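S.K.: Sharing a model prediction with you, sequence too.
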Amino acid sequence: MSSSISSSDPWRRFFRLIAGAAAIAAGIVYAFVVLVDPFDTLPLSPPADRPPVASNQRFSYPSLARSPRFDSAIIGTSSSRLLRPEVLNPLFGARFVNLAMNDATVYEQSRLFGLFARTHPAPKVVMLGLDYRWCPTGPDYQRLTFRTFPEWMYRDNLWAGYLEMFNAYTVQSAGQMFGIMIGIKQPDQGRDGYTSFVPPDATYDSARALVHLRGEGPYVPGGEREGAPSAWSYPAMGPLRAMLVSVPAATRKVLFFIPYNHRMLTDPGSAGAVVWDECRRRVVAEAARVPNTQVLDFMRPSPITEADDNYWDGIHYRTGVADRLSRDMAGAGQGETSDDYIVLWSGVSR
């Protein structure tokens, strides 16, 4: 018996050594991650310049939403991501951050909007790009996508983040951030949230874009619909109401229906058009509840939407069009008119 116990001792010591080495290695990796703080969110991370690095904007944008460098924000999906803060800033006399996320749901947009509103008590301008995400009907809307949504980052207690930082994604992101910190890697995302996700405009191929556009057809938001349109439920209107009342009356609030290519627009009077028109009516009703709010409709036949050369695909317009939208929205606040859009509601004080 003593011989058996004795023979197992080397194995026990071996496994203890391996376990100890693994624990030390894990501790070193964990310490590296929390010191680098790749998402710039932890309370005790050392001061450093941390540009966005996460490929999933849901991880990068909370720190930008909290940043005192900005006093204005853009919220939306990828259909609003090409709005450039450097163009908007002089037009509005503001410091914009673009917080539009790829395929962001209403829930995700409202969480990001809420975070920005809580950390900026008196924002100058908030812009909300309205597209298919805001107009489904029925009892509820899609809350999340296949992309991970880090709930803890959108809460006020960031100490909980220390329990969330030891996983493959944060380690990878920490490695990218460390490479930027020591100068061996260049940032590939904008420090104001703007990052172009389309090819350089100089490489635009109208024939190739037309191939994508020809595959598009009228888009109608899904959901359950019974009875008259006035009886339909548009579940996104609740979050929209909460977002609008979360910022002060003096804040300029710009809601804009994004300019789909004409192939994606519904025919006037069609069943699909009724769904969109009722959604527009509901949005205007919410906008009318709060002061200093404007609703602009770019989702209509116009010089923008009718020109195929303005688009990469049915939803994503070119950078020049994004700059044009910026100028249009600034002008609309001054009472200007344009064939690019219709003013559905204006309660803006000049």
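M.R.: Happy to help now that I have it.
S.K.: for this protein, longest helix please?
M.R.: helix 2-36 (DSSP state H).
S.K.: just checking, residue 229 touches residue 276?
M.R.: No: with contact defined as CB atoms under 8 Å, residue 229 does not count as touching residue 276 (10.5 Å). Heads up, the C-betas are built off the backbone N, CA and C, glycines and all.
S.K.: Show me which of these two is the more surrounded one.
M.R.: Taking neighbours as other CB atoms under 10 Å, residue 229 and residue 276 compare with residue 276 leading, 23 against 15.
S.K.: What values do phi and psi take at residue 143?
M.R.: Per-residue torsions, residue 143: phi -90, psi -50 (degrees, to the nearest 10).
S.K.: taking the mean pLDDT, what do you get for the next helix or strand after the longest helix of the chain?
M.R.: Using DSSP states H and E, the next helix or strand after helix 2-36 towards the C-terminus is helix 57-66. In this model, helix 57-66 carries a mean pLDDT of 97.
S.K.: And stretch 122-133, what's buried?
M.R.: Within stretch 122-133, the residues that count as buried by 16 or more other CB atoms under 10 Å are 123, 124, 125, 126, 127, 128, 129, 130, 131, 132, 133.
S.K.: Now do the end-to-end distance for that stretch.
M.R.: Terminal residues of stretch 122-133 are spaced 27 Å apart (CA to CA, to the nearest Å).
S.K.: pLDDT on that stretch, on average?
M.R.: 98.
S.K.: what's the distance between it and the middle of its chain?
M.R.: Put simply, stretch 122-133 sits 10 Å off its chain's centre (CA atoms, centre = their mean, to the nearest Å).
S.K.: again, but for stretch 337-347
M.R.: Relative to its chain's centre, stretch 337-347 lies at 24 Å (CA atoms, centre = their mean).
S.K.: Contacts for it next, please.
M.R.: With contact meaning CB atoms under 8 Å, 6 or more residues apart in numbering, stretch 337-347 is reached by 256, 259, 280, 283-284, 287-288, 290-298, 300, 302-304, 324-325, 328, 331-332.
S.K.: Can you select the buried ones from the residues you listed in ChimeraX?
M.R.: Filtering the contacts of stretch 337-347 down to the buried ones (16+ other CB under 10 Å) takes a single ChimeraX command:
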select :256,259,280,283,287,290,291,292,293,294,295,296,297,298,300,302,304,324,325,328,332
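S.K.: Just the contacts of stretch 337-347: which are in helices?
M.R.: Counting by DSSP H, these contribute 280, 283, 284, 287, 324, 325, 328, 331, 332 to helices.
S.K.: Return the member of the residues you listed nearest to residue 206.
M.R.: Nearest to residue 206 out of the ones in helices among the contacts of stretch 337-347 is residue 324 (CB to CB; 17.8 Å).
S.K.: So for residue 7, what pLDDT did the model give?
M.R.: Residue 7 carries a pLDDT value of 55.
S.K.: ok so, going back, helices or strands next to the longest helix of the chain in the packing?
M.R.: helix 168-181 (3 or more CB pairs under 8 Å, 6 or more residues apart in numbering; DSSP states H and E).
S.K.: Pull out the CA atoms of the helix or strand that comes right after the helix it packs on and give them to me as PDB.
M.R.: Past helix 168-181, further along toward the C-terminus, the next helix or strand under DSSP H and E is helix 206-214. C-alpha atoms of helix 206-214 as PDB (Å, rounded to 0.1, in the frame of the first residue of the first chain):
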ATOM      1  CA  SER A 206     -21.400  51.700 -61.300                       C
ATOM      2  CA  ALA A 207     -21.900  48.500 -63.300                       C
ATOM      3  CA  ARG A 208     -21.000  46.300 -60.300                       C
ATOM      4  CA  ALA A 209     -23.300  48.300 -58.000                       C
ATOM      5  CA  LEU A 210     -26.100  48.000 -60.500                       C
ATOM      6  CA  VAL A 211     -25.800  44.200 -60.300                       C
ATOM      7  CA  HIS A 212     -26.600  44.500 -56.600                       C
ATOM      8  CA  LEU A 213     -29.300  47.000 -57.100                       C
ATOM      9  CA  ARG A 214     -31.100  44.900 -59.700                       C
END
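S.K.: Name the residues that touch helix 206-214?
M.R.: Helix 206-214 is contacted from outside by 261, 263, 308, 309, 311, 312, 313, 314, using CB under 8 Å, 6+ apart.
S.K.: Disregarding flanking residues, what is the spatial nearest neighbour of the last one?
M.R.: The shortest distance from residue 314 to any residue other than its chain neighbours is 3.8 Å, reached at residue 216 (CB to CB, 6 or more residues apart in numbering).
S.K.: what's the spacing between that neighbour and residue 263?
M.R.: Residue 216 sits 4 Å away from residue 263, taking CB to CB, to the nearest Å as the criterion.
S.K.: what is in contact with the two at once?
M.R.: Residues touching both residue 216 and residue 263 by CB under 8 Å, 6+ apart: residue 314.
S.K.: mind checking how far residue 16 is from residue 10?
M.R.: Residue 16 sits 11 Å away from residue 10, going by CB to CB.
S.K.: ugh, typo on my part, it should be residue 214
M.R.: With distances taken as CB to CB, residue 214 is found 72 Å from residue 10.
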